[in-house]
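*Asks:* I would like the atomic coordinates for the input below:
(chains A and B)
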Amino acid sequence: MTKRVSYTLASTLESVNRAESIAAETAARVGFSEDDQSNIAMAVREATVNAVLHGNAYDPDKKVFVVYESSMDALVITITDQGRGLDPLHVPDPLAPENLMKGSGRGIFLIRAFMDEVKFRNIQPGTEITLIKHLDRKAGNEEESQ
Amino acid sequence: MTMKASSRQVNSVTIVDMSGRITLGEGSVVLRDTIRDLLSKGDKKILLNLGNVTYIDSSGIGELVSAFTSVRNQGGELKLLNLTKKVHDLLQITKLYTVFDIRDDETAAIGSFK
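*Replies:* Okay, the predicted model is just below:
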């Protein structure tokens, strides 16, 4: 059975913290390990920062929509902004030597590093990013039995 | 948890004990202001003790890089001390682990400054 909870958030840093906290709580409830809970929460934080900062540019008239869908074997989080859109193909690689010492540009890289699947959709206006993390219940059970 | 930074001087090295979260907003600003204040006073040998930093996001990582660059551009050195596993892992996956001089012993770290 899938549980779906959605939030409409203002374009503020408080919303970023809230989206992150809810992600951590949801990941814990679904049964992810502490490491995965932390990684999922960070991915949601980074995606929400992008929505608030780069997408909506703190515009009080624009909202961020966050949907958490949890099932027995996965957590799917969708974050949508109402901004000008993002082309993920043109995001510079932060590991490239010329970018390594830059003070920004690592958010999407971290999201991809921490989640199993990351999908972008340009919804004009705005960007929708879907983050998916699968839960290996078999592995979890084996850990519990040790 | 609010980010806190307090400085102490050992020989010619300034140790900045940081605690809390270095994230977009307050945490990153505290780090930026701390480094700027130290550089303006001429303190260019800086050891950032991250032992009580529980969390760093991409903005915080960027702020660490900017701090490193600012200090180096003024002829100084910035080193990191006591990374938690989480921060250590983040610096590894972002390939910054080899950029920073990372230490786990304060006395040895102080002695390593030129």
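*Asks:* Now for the most centrally placed residue in chain B: which residues touch it?
*Replies:* Nearest to the mean C-alpha position of chain B, by C-alpha atoms, centre = their mean, lies residue B:48 at 3.4 Å. Counting by C-beta atoms under 8 Å, 6 or more residues apart in numbering or on different chains, residue B:48 makes contact with B:16, B:18, B:64, B:67, B:78-81. Heads up, the C-betas are built off the backbone N, CA and C, glycines and all.
*Asks:* Secondary structure element holding it?
*Replies:* Following DSSP states H and E, one finds residue B:48 within strand B:45-56.
*Asks:* what comes up buried for that strand?
*Replies:* With burial defined by 16 or more other C-beta atoms under 10 Å in any protein chain shown, the residues of strand B:45-56 counted as buried are B:45-50, B:53, B:55-56.
*Asks:* Grab the two from the residues you listed that are most spread out in space.
*Replies:* B:45 and B:55 (26.7 Å; C-beta to C-beta).
*Asks:* Now residue A:18: closest residue in space that isn't a chain neighbour?
*Replies:* Once flanking residues are discounted, residue A:18 sits nearest to residue A:9: 6.6 Å by C-beta to C-beta, 6 or more residues apart in numbering or on different chains.
*Asks:* what bridges to the residue nearest to the centre of chain B?
*Replies:* Beta bridges link residue B:48 to residue B:16, residue B:80, judged by DSSP bridges.
*Asks:* Report the angle between the longest helix along chain A and strand B:45-56.
*Replies:* If you go by DSSP state H, chain A has its longest helix at helix A:13-30. Put simply, helix A:13-30 runs at 60 degrees to strand B:45-56, going by axes from the mean of the first three to the mean of the last three C-alpha atoms, to 10 degrees.
*Asks:* after helix A:13-30, next one along is what?
*Replies:* Assigned by DSSP H and E, the successor of helix A:13-30 is helix A:34-49.
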